[in-house]
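Chemist: Coordinates only, no sequence provided:
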């Protein structure tokens with residue numbers, strides 16, 4: 001194995017179908033990404049290549065590295081007009097699920113890491129998240145509104161089993177009667193039913209399970225360390241049976257790859273107890289586009305041009321259009337067809353007949369945090 005240098009992110013080219021060498025990048029077995037190109041802020045990048053010694057197969061699979069970060073704040077604010085929440089929490093940076101299409105991958109570039117393999121193997125945990133949350137909720141003038149968790153990286157990714165940061169956060173929100181909306185691909189959410197069920201009785205929590213495909217083989221290659229489709233449906237059932245309202249997100253919808261499953265996913269989720277549903281079109285911002293294109297060439301080369309042409313037809317001729325009101329659904333005839341299919345299927349199956357609202361009326365500011373802050 002050798003390395004070449006330098007190469008900047010805008011020079012990284014995904015080869016056309018049929019021209020990519022066989023085999024995964026060194027050490028990438030069991031991961032979603034097949035590239036680990038530098039982020040757009042880096043001046044130089046290393047590129048691995050086979051130098052003829054036949055040593056690539058001897059490299060061990062990448063191990064997940066977890067680093068602690070003593071964060072200063074934990075509630076992130078946003079003003080995006082096309083999403084339903086104005087605040088969120090991210091217990092972790094990076095996500096071991098390794099979903100190749102994850103729109104959060106570019107966030108790793110802000111800390112000098114790759115949105116590729118680094119995003120799913122070099123993770124950051126915020127062990128003081130619950131403590132910070134308690135302090136921020138206790139600040140004078142804080143106005144409670146639903147906090148969204150899981151909108152960037154999954155709070156129930158595998159390392160949550162050991163770190164339990166999400167569980168600590170839920171315990172704070174439970175004590176404060178603070179509403180929370182959770183999005184996940186993990187059945188690990190069932191671990192916290194002892195907290196979620198009592199919160200649900202007080203109208204404080206909703207959970208959405210993201211289901212991309214019902215095809216186990218496709219899910220395995222596209223979302224290598226996320227729960228299987230069956231496990232996610234079982235989580236929807238388990239949550240609803242415990243009184244925790246659990247909905248389904250058909251997300252992302254990938255044209256010519258998973259869009260044909262939209263109705264089947266909705267039917268399966270409704271049978272599992274979900275009564276609210278939504279969908280989001282595939283998003284390929286910045287570094288996600290070359291990663292996804294590379295994945296297509298490795299796993300679905302015959303579909304490469306068809307998938308990418310349909311994506312561009314809904315994104316103004318580009319791989320992605322970040323404009324508000326367009327980024328989630330796309331535009332054009334194919335996007336309109338997807339929207340109409342979802343509307344018809346959701347109505348036929350019985351989704352979205354009424355939306356459950358979360359309540360912040362009984363919010364109780366943490367006393368310990370408030371007292372401590374007043375001392376300074």
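Modeler: Great, that's in hand. Because the structure is a prediction, the values reported are computed rather than measured.

Chemist: Could you use CA atoms for every contact and neighbour count after this?
Modeler: Will do.

Chemist: just checking, what packs against the lengthiest helix in the chain?
Modeler: Scanning the chain for the helix with the most residues, using DSSP state H, yields helix 333-349. Using 3 or more Cα pairs under 8 Å, 6 or more residues apart in numbering; DSSP states H and E as the contact test, the elements touching helix 333-349 are helix 262-271.

Chemist: So what touches the helix it packs on?
Modeler: The contact list for helix 262-271 (Cα atoms under 8 Å, 6 or more residues apart in numbering) reads 211, 213-214, 233, 236, 247-248, 250, 253, 277, 342, 345-346, 349-351.

Chemist: Please apply the same query to stretch 190-200.
Modeler: Under Cα under 8 Å, 6+ apart, the answer for stretch 190-200 is 167, 170-171, 174, 177, 205-206, 235, 238-239, 242-245.

Chemist: how about a cut-off of 6 Å?
Modeler: residue 244 (Cα atoms under 6 Å, 6 or more residues apart in numbering).

Chemist: quick one: it to chain centroid distance?
Modeler: 22 Å (Cα atoms, centre = their mean, to the nearest Å).

Chemist: same thing with stretch 115-129?
Modeler: How far stretch 115-129 lies from its chain's middle: 13 Å, per Cα atoms, centre = their mean.

Chemist: ok, and the closest non-adjacent residue to residue 214?
Modeler: Excluding the flanking residues, the one nearest residue 214 by Cα to Cα, 6 or more residues apart in numbering is residue 229, at 5.5 Å.

Chemist: Let me know the secondary structure of the nearest residue to residue 241 once chain neighbours are set aside.
Modeler: Leaving aside its chain neighbours, residue 241 sits nearest to residue 273 (7.8 Å; criterion: Cα to Cα, 6+ apart). Following DSSP: H, G, I helix; E, B strand; the rest coil, residue 273 is assigned to coil.

Chemist: Let me know how buried residue 273 is, in neighbour terms.
Modeler: 20 (other Cα atoms under 10 Å).

Chemist: element containing residue 360, please.
Modeler: Using DSSP states H and E, residue 360 sits within no helix or strand.

Chemist: list the contacts for it?
Modeler: With Cα under 6 Å, 6+ apart, residue 360 has these contacts: residue 178.

Chemist: Distance of it relative to residue 247?
Modeler: From residue 360 across to residue 247, the span is 20 Å (Cα to Cα, to the nearest Å).

Chemist: likewise residue 283?
Modeler: Distance from residue 283 to residue 247, by Cα to Cα: 21 Å.

Chemist: same check, this time on residue 227
Modeler: Distance, residue 227 to residue 247, by Cα to Cα: 16 Å.

Chemist: Likewise for residue 99?
Modeler: Taken as Cα to Cα, the span from residue 99 to residue 247 is 20 Å.

Chemist: for residue 82, same thing?
Modeler: 19 Å.

Chemist: Which one of those two is surrounded by more residues?
Modeler: residue 247 (26 against 12).

Chemist: which other helices and strands contact the helix or strand harbouring the more buried one?
Modeler: Per DSSP H and E: residue 247 is located in strand 246-253. Here strand 246-253 touches strand 205-210, strand 277-281, going by 3 or more Cα pairs under 6 Å, 6 or more residues apart in numbering; DSSP states H and E.

Chemist: just those: most buried one?
Modeler: Compared across the helices and strands packed on strand 246-253, strand 205-210 shows the largest average neighbour count, a mean of 24 (mean count of other Cα atoms under 10 Å).

Chemist: by contact count, what packs against it?
Modeler: Counting contacts by 3+ Cα pairs under 6 Å, 6+ apart, strand 205-210 is packed against strand 180-184, strand 246-253.

Chemist: Turn these into JSON lines, columns for distance to residue 88.
Modeler: As requested, these are arranged in JSON lines below (distance: least, Cα to Cα, whole Å):
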{"stretch": "strand 180-184", "distance to residue 88": "9"}
{"stretch": "strand 246-253", "distance to residue 88": "18"}
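
Chemist: And the strands in the stretch 51-200 of the chain?
Modeler: Along the stretch 51-200 of the chain, counting by DSSP state E, counting those that start in this stretch, strands occupy 65-68, 75-77, 87-89, 92-93, 122-125, 147-149, 180-184.
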